[in-house]
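Novice: The sequence and its predicted three-dimensional model are supplied below.
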Amino acid sequence: MPRIRDPHAQRQLLSEAVWATLAEHGPGGLTLRAVAERAGCTTGLVLHTFTDKQALLLDARDRLHERTRLRAERLEAEASDPVDALRSVALGTLAADPDGLANARVWVGFLASAFGDEVLAERHALHSGSFRIRLTRLIQAAIPGIDDAEAEARAALLAATTEGVCVLAAGNPEVWTAQLQHLAVIRALDAALEPIR
């Protein structure tokens, strides 16, 4: 690989290699050597940017958060109303296409690595929490007058469903087709949008 003099471009190249390696091989295959091979550089260059495997994983999780945040913001902006925004954001998280499947595999790989690692667990909680907060806000916009506790409970159900479906699809995409994922999340959306009694 030719030497890249721009540190930002170098980090971006390595970050993409980390992402692709984790998505394809999981946390067991995420090594400095594998990242270096994918990026076409030396392990020394990888070590210059990422000090250890934890740093590789944190970079992948932050990249996942940024990708999903930008997608959710775009889907919200394009939505015709609050209900459409909630549906679009929830369905937009699914592992229903190659990009979504890569996201799901990175998410699962990071989560598996977070067990027993306080730093990784904290980062996971932070980013997963932001998704629940977004869903809560969207539910409150879609159902005027809903109280905070009920909106939070419905958001938790929806987050658990979407994340659970993505985990299952990451492990068995042949069974968890785009159609099955969609149907499962639509059921959770129906429950989340049920009128207040």
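Specialist: The structure has been received and is ready for your questions.
Novice: which residues are contacting the helix or strand harbouring Ala125?
Specialist: Using DSSP states H and E, Ala125 maps to helix 118-142. Residues from elsewhere that reach helix 118-142, judged by CB atoms under 8 Å, 6 or more residues apart in numbering: 54, 57-58, 61-62, 64-65, 68-69, 72, 76, 82-83, 85-86, 89-90, 93, 110-111, 113-115, 146, 148, 151-152, 154-156, 158-159, 163, 192-193. Placement of C-beta: from N, CA and C, glycine included.
Novice: Need the buried ones from the residues you listed selected in ChimeraX.
Specialist: Applying 16 or more other CB atoms under 10 Å to the contacts of helix 118-142, the buried members can be selected in ChimeraX as follows:
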select :57,58,61,64,65,68,72,76,82,83,85,86,89,90,93,110,111,113,114,146,151,152,154,155,158,159,163,192,193
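Novice: can you tell me the average pLDDT over the helix holding Ala125?
Specialist: Across helix 118-142, the average pLDDT comes to 94.
Novice: Give me the buried positions along that helix.
Specialist: So helix 118-142, judged by 16+ other CB under 10 Å, has buried residues 120, 123-124, 127, 131-132, 134-142.
Novice: try stretch 27-34
Specialist: Buried-residue list, stretch 27-34, by 16+ other CB under 10 Å: Pro27, Leu30, Thr31, Leu32, Ala34.
Novice: Format those residues as JSON lines; extra columns: pLDDT.
Specialist: Formatted as JSON lines, these follow (pLDDT from 0 to 100):
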{"residue": "Pro27", "pLDDT": "86"}
{"residue": "Leu30", "pLDDT": "88"}
{"residue": "Thr31", "pLDDT": "89"}
{"residue": "Leu32", "pLDDT": "90"}
{"residue": "Ala34", "pLDDT": "93"}
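Novice: Tabulate these (CSV), appending distance to Ala184 and secondary structure.
Specialist: Below are those laid out as CSV (distance: CB to CB, whole Å; DSSP: H, G, I helix; E, B strand; the rest coil):
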residue, distance to Ala184, secondary structure
Pro27, 26, helix
Leu30, 29, coil
Thr31, 35, coil
Leu32, 38, helix
Ala34, 33, helix
